[in-house]
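Novice: Build me a structure from this.
(2 chains, ligands or ions: 3)
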Amino acid sequence: MQSTETEFLVPTSVSEALESISKEDAIFLGGGTSTALLYKTRLIEPSRVVWLGNVGELKGIFASDGEVKIGSMTTAAEIAANRDIARLLPGVCTASGVIGNARVRAMATLGGALAHADPRQDMPPALIAVGAEVSVKSSLSTRRIPLAEFYEGFLETVLDPDELITEVTIPLVANRRSAYIRYTPTSEGDYPTVGAGSSVTFGSDGKIIEAASVVLCGVGSVPIISNQASQLLVGTTGDDAALRRAAEAVREIVEPQDDERGSAAYKREMASIFAFRSLKSCLGS
Amino acid sequence: MKINFSLNGKGTELDVDPMSLALDVIRGLSLTGTKEGCGVGVCGACTIMVNGAPVSSCICLVGTLVDKDVWTIEGLAEKMPELIDSFVENEGMQCGICTPGQIVAAASIDSAGVSTSEEIRKYMAGNLCRCTGYQTIVSAVEDHLAVN
Ligand SMILES: Cc1cc2nc3c(=O)[nH]c(=O)nc-3n(C[C@H](O)[C@H](O)[C@H](O)COP(=O)(O)OP(=O)(O)OC[C@H]3O[C@@H](n4cnc5c(N)ncnc54)[C@H](O)[C@@H]3O)c2cc1C
Ligand code: FES
Ligand code: FES
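Specialist: Ligands and ions are numbered 1, 2, ... in the order given. From the prediction side, this is the model:
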């Protein structure tokens, strides 16, 4: 059936992986959950696949005083079960624990979850809300990109085809609380109609909000970041009236489309409501 | 490409296209207990166990199984007869198409650190059944965990 078999390379180090990707139309493979579906319908037909499963240096979760680093080949299940993540980054813990079903979470990697760039995905809003940065390497260069600037469109990122995501760094900030919640009106394992990641950082007095972030998935071609919601929260105590104003601002900025998960108007409403609830859950945590 | 992995406890070497789906490769070995339902990772009929965790073989490229410990319903039925008994005693099946997947998922439940009834339901939510109404499946898994 197959005329030419795809070359399947199994590097054991980052440098070997970067050398292997040099061929035109070669792709990296993490858990393969998205790629298998695209390949099955021949939406992609790479001549070479560089599978990262045996690159040990890309795996693991490391928490230190100022930051948490997660290797790109760490699975969603591993992130969801990690105690440091649960304690320090509850929104990231929730998001990694709701992706698809237990079988998807066992295979899906952080690198794949970010690079796939389906705007309904749960990890990007949770991670953007806590200021995550993506470390990227190619054989020629190394760079670090704020996840907030990573997405260009539906299934499109700023990555060049030969660029490998090595890890994600999340700064730990004193007095910051974060959360992620999503709304799935169909089945539990489906993509969400809307997901809302948020964080709120209080000043040293613990009363006045100094910084905030509200990020939505499912309601645009990329994750939607509401700067206005953040501005409306800064300087307040996070009272319900302030939260409601922030949620109003979210309603204005989202760009949802009609589909089987709801009409555009409905999603706009849900985005606002779930932004409110996400912030509420931040403040309650 | 030659792929080495352990299948149902036995070292196995296959010469296959690494981009073929684990589902097709496994069924091609006459291990037809693994079923295809949705083919897109949603229903769980095709569940296999890889390094102790449940995996949808319909979206698993066989190249990613290199060096892994893979179990199908056939191997697990021999290895864990008490789990099969628990499904039989609780009548955790009707038409049976989802049953191999339900049992493999249940066998992999340790990987998820699941213990409470609520957690069992949440974990098993990824394995769809159109017949039983789920209660008998949940009871079978609960009974099994209690005896273990
Ligand atoms: C049934 C099902 C349900 C799902 N439900 C949800 C859901 O509810 N919420 C949700 O958020 N997502 C959901 N998803 C999507 C899921 O999150 C992605 O499929 C998964 O995260 C991709 O990770 P992977 O490691 O399997 O990626 P792969 O398929 O291995 O790779 C995906 C893409 O990322 C690239 N890539 C992988 N690793 C790297 C790297 N280190 N550097 C650079 N590029 C890389 C690959 O080249 C490819 O383009 C679902 C998927 C399925 C199949
Ligand atoms: S056939 Fe694989 S999950 Fe449905
Ligand atoms: S027993 Fe028929 S689908 Fe589950």
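
Novice: Show the pLDDT at the closest residue to ligand 3 within the stretch 151-285 of chain A.
Specialist: Using Cβ to the nearest ligand atom, residue A:187 is the residue of the stretch 151-285 of chain A that sits closest to ligand 3, at 14.8 Å. All C-beta atoms are positioned from the backbone trio N, CA, C, and that covers glycine. We have a pLDDT of 73 for residue A:187.

Novice: Return the residues in contact with it.
Specialist: residue B:125 (Cβ atoms under 8 Å, 6 or more residues apart in numbering or on different chains).

Novice: Give me the three-state assignment for it.
Specialist: coil (DSSP: H, G, I helix; E, B strand; the rest coil).

Novice: Let me see the contact set for the closest residue to residue A:223 other than its chain neighbours.
Specialist: The shortest distance from residue A:223 to any non-neighbouring residue, by Cβ to Cβ, 6 or more residues apart in numbering or on different chains, is to residue A:124 (4.5 Å). Residue A:124 makes contacts with A:114, A:147, A:150-151, A:197, A:215, A:217, A:223, as judged by Cβ under 8 Å, 6+ apart.

Novice: where does the chain have low pLDDT?
Specialist: Here I'm looking at chain A. Residues of chain A meeting the criterion pLDDT under 70: A:1-3, A:285.

Novice: you looked at the wrong chain, it should be chain B
Specialist: B:147-148.

Novice: Tell me how chain B divides into domains.
Specialist: For chain B, the structural domains run B:2-72, B:76-145, going by automatic domain parsing.

Novice: Look at the last one and report the distance between its end residues.
Specialist: The first and final residues of domain B:76-145 sit 16 Å from each other (Cα to Cα, to the nearest Å).

Novice: same question, the longest one
Specialist: End-to-end span of domain B:2-72 (Cα to Cα): 20 Å.

Novice: and it with ligand 3, contact?
Specialist: No: on the criterion Cβ under 6 Å from any ligand atom, domain B:2-72 is out of touch with ligand 3, staying 8.1 Å away.

Novice: Give me every residue in chain A lying close to ligand 1.
Specialist: Going by Cβ under 6 Å from any ligand atom, the residues of chain A near ligand 1 are A:27-35, A:52, A:72, A:99-100, A:104, A:107-109, A:111-113, A:115-116, A:121-123, A:164-165, A:191.

Novice: Go ahead and confirm residue A:73 touches residue A:55.
Specialist: Yes: proximity of residue A:73 to residue A:55 meets the contact threshold set by Cβ atoms under 8 Å, at 6.4 Å.

Novice: which residues does residue B:39 contact?
Specialist: A:40, B:46, B:58.

Novice: which element is residue A:238 on?
Specialist: Using DSSP states H and E, residue A:238 sits in no helix or strand.

Novice: mind listing what it touches?
Specialist: Applying Cβ under 8 Å, 6+ apart, the residues contacting residue A:238 are A:200, A:209, A:279, A:283.

Novice: go on, residue A:182?
Specialist: Residue A:182 touches A:95, A:98, A:122, A:192, A:194-196, A:217-218, A:274, counting by Cβ under 8 Å, 6+ apart.

Novice: Chain A versus the spatially most central residue of chain B, what's the distance?
Specialist: By Cα atoms, centre = their mean, the mean C-alpha position of chain B lies nearest to residue B:104, the distance being 2.8 Å. Remark: distance between residue B:104 and chain A (Cβ to the nearest Cβ, to the nearest Å) = 10 Å.

Novice: Just give the number of residues close to the nearest residue to that residue once chain neighbours are set aside.
Specialist: Of all residues not flanking residue B:104 in the chain, residue B:47 sits nearest, at 4.3 Å (Cβ to Cβ, 6+ apart). Residue B:47 has 31 neighbours, counted by other Cβ atoms under 10 Å in any protein chain shown.

Novice: and chain B, which residues reach chain A?
Specialist: Residues of chain B found near chain A (Cβ under 8 Å from any Cβ of the partner chain) are B:1, B:17-19, B:21, B:39-42, B:44, B:47, B:50, B:53-56, B:59-61, B:63-64, B:66-67, B:105, B:108, B:111-113, B:122-123, B:125-127.

Novice: where do the helices sit along chain A?
Specialist: A:14-20, A:33-40, A:76-81, A:83-88, A:90-98, A:102-107, A:110-115, A:123-128, A:227-233, A:240-253, A:264-284 (DSSP state H).

Novice: Please work out which of those helices is packed deepest.
Specialist: Comparing the helices of chain A by mean neighbour count (mean count of other Cβ atoms under 10 Å in any protein chain shown), helix A:123-128 ranks first with a mean of 29.

Novice: Alpha carbons of that one, as PDB, please.
Specialist: Provided in PDB are the C-alpha atoms of helix A:123-128 (Å, rounded to 0.1, in the frame of the first residue of the first chain):
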ATOM      1  CA  MET A 123      -2.700  24.300  28.300                       C
ATOM      2  CA  PRO A 124      -2.000  27.600  26.500                       C
ATOM      3  CA  PRO A 125      -4.400  29.800  28.500                       C
ATOM      4  CA  ALA A 126      -3.400  28.200  31.800                       C
ATOM      5  CA  LEU A 127       0.300  28.700  31.000                       C
ATOM      6  CA  ILE A 128       0.000  32.200  29.500                       C
END
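
Novice: State the distance from the spatially closest residue to residue A:13 that is not a sequence neighbour to residue A:20.
Specialist: Excluding the flanking residues, the one nearest residue A:13 by Cβ to Cβ, 6+ apart is residue A:55, at 6.3 Å. Per Cβ to Cβ, to the nearest Å, residue A:55 is found 11 Å from residue A:20.

Novice: and for those two, which residues touch both?
Specialist: Common neighbours of residue A:55 and residue A:20 (criterion: Cβ under 8 Å, 6+ apart): residue A:11.

Novice: residues in chain B within reach of ligand 2, list them.
Specialist: B:36-39, B:41-46, B:56, B:58.

Novice: Which members of these are classed as buried?
Specialist: With neighbours counted using 16 or more other Cβ atoms under 10 Å in any protein chain shown, the residues of chain B next to ligand 2 contain these buried positions: B:37, B:39, B:41-46, B:56, B:58.
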